[in-house]
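# everything below, folded, please.
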Amino acid sequence: MADVSTPDSGAKPARATGILGRAQKKRPGIRIDMTPMVDVAFLLLIFFMVTTVFRRPLAMEVNLPEPDAKVEVPESNVVTVFVDREEDLFVKVGKGGIEPITWADLTPTLQANAAANPNLIVLVKIHREARYEPMVDLMDTLEDAKMERFSLIAMNERDQEALEAAP
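From the prediction side, this is the model:
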């Protein structure tokens, strides 16, 4: 227990005289228990440590189109990125063919195509049985490549057949 007390010397002190020669009253020793204040301070410290958010959660804003919205885009302005069941990447630029690509080569390819065509839109087609992680990694890659216009859709059977026929 913490307390504040006055020292006791053992000898009787001389009686002091106060104002107008009156004798001063001896003050009793003061003892303040600091334990409750320390407890409250630690409880507040723990409360604020537990409830404080130390970093903002990482999130990406996604704008969803209206349900029946259709946008006509020239095929030359579209880069399609395919993610198959085994999480391999394939890319199709404009009207070209489907070619396999690595994760490391994806960002430079997107940046080069975006520099050549400022109206570029990325279309990401992911196999329905692929894990969720490649989609998140792909969205992070698109953000790193400064690609702001992209769409995510599930791969259909025609796309799967085209991937099987690709080299």
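
# can you tell me which helix or strand of the chain has the lowest average pLDDT?
Scoring the helices and strands of the chain by mean pLDDT, DSSP states H and E places helix 157-165 at the bottom, with a mean of 80.

# tell me what that helix is packed against?
Packing partners of helix 157-165 (3 or more Cβ pairs under 8 Å, 6 or more residues apart in numbering; DSSP states H and E): none among the helices and strands. From N, CA and C alone the C-beta is placed, and that goes for glycine too.

# name the SS class of residue 135, please.
helix (DSSP: H, G, I helix; E, B strand; the rest coil).

# I'd like the numbering to begin with 46 instead of 1 from here.
Fine by me, first position is 46 from now on; the one you just mentioned is residue 180.

# now it: how far from residue 94?
As judged by Cβ to Cβ, to the nearest Å, residue 180 and residue 94 stand 35 Å apart.

# looking at the two now, which is surrounded by more residues?
The neighbour comparison of residue 180 against residue 94 (other Cβ atoms under 10 Å) goes to residue 180, with 15 against 9.

# do I have it right that that one meets residue 128?
Yes. With contact defined as Cβ atoms under 8 Å, residue 180 counts as touching residue 128 (7.2 Å).

# what touches both of the two?
Residues within reach of residue 180 and of residue 128 at once, by Cβ atoms under 8 Å, 6 or more residues apart in numbering, are 169, 171.

# neighbouring contacts of the helix or strand containing residue 184?
Assigned by DSSP states H and E, residue 184 belongs to helix 177-189. Applying Cβ under 8 Å, 6+ apart, the external contacts of helix 177-189 come out as 105, 126, 128, 132, 148, 151-152, 155, 167, 169, 171, 195, 197.
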